[in-house]
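Asker: model this:
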Amino acid sequence: MVTGLSHQQREIVITSVLDADPVGVQILPSPSIWPFIAAVAASSGFIGLIFHPVFFVMGFFLVFFALVGWFWPRRPWKEEA
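Answerer: Residues are numbered from 1 along each chain as shown. Next up, the predicted model:
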C-alpha cells in the first residue's frame, strides 16, 4: 500500500492494470537537456540523409553520444528549499 509521495524528488504512483490499486512508487529521473539534444541529432541525421549518406552516419554518432550523456549516472536531483 502506498501512503504518499516525497516532496524531495520526482515520483509517480504505480497502479495495477485492471483495478488501478496503488502498487508502488516510481522515482523519475531529473530534468535534462539530453533528450532534446538526441532528438535534434536524430532529426539532423535523417534530414541530412536527403543530401548525402555521410550525414546519416554523423547523426548516428551524435545520437549515440547524446544517449550516453543521457543515461550516464549522476547525482540525484535536489530541490532548492
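
Asker: for the rest of this, base every contact and every neighbour count on C-alpha atoms.
Answerer: Will do.

Asker: which parts of the strand or helix carrying G45 are buried?
Answerer: If you go by DSSP states H and E, G45 is part of helix 34-51. For helix 34-51, burial by neighbour count (16 or more other CA atoms under 10 Å) applies to W34, P35, I37, A38, A41, A42, S44, G45, F46, G48, L49.

Asker: list the contacts of the first one.
Answerer: Under the criterion of CA atoms under 8 Å, 6 or more residues apart in numbering, the contact partners of W34 comprise A66, L67, G69, W70.

Asker: and it, what pLDDT?
Answerer: Note on W34: pLDDT of 92.

Asker: and the most centrally placed residue in the chain, how far is that from H7?
Answerer: Centroid-nearest residue in the chain, with CA atoms, centre = their mean: P35, separated by 5.7 Å. Using CA to CA, to the nearest Å, we find P35 at a distance of 24 Å from H7.

Asker: again with A38
Answerer: Taking CA to CA, one finds A38 at 29 Å from H7.

Asker: which of the helices or strands spans G4?
Answerer: Per DSSP H and E: nothing holds G4, as it lies in no helix or strand.

Asker: OK, contacts around it?
Answerer: By CA under 8 Å, 6+ apart, G4 has no neighbours at all.

Asker: and for A38?
Answerer: Per CA under 8 Å, 6+ apart, neighbours of A38: L62, V63, A66, L67.

Asker: nearest to P22, of the residues you listed?
Answerer: L67 (31.8 Å; CA to CA).

Asker: now do the SS call for that closest one.
Answerer: Reducing the assignment at L67 to three states with DSSP: H, G, I helix; E, B strand; the rest coil gives helix.
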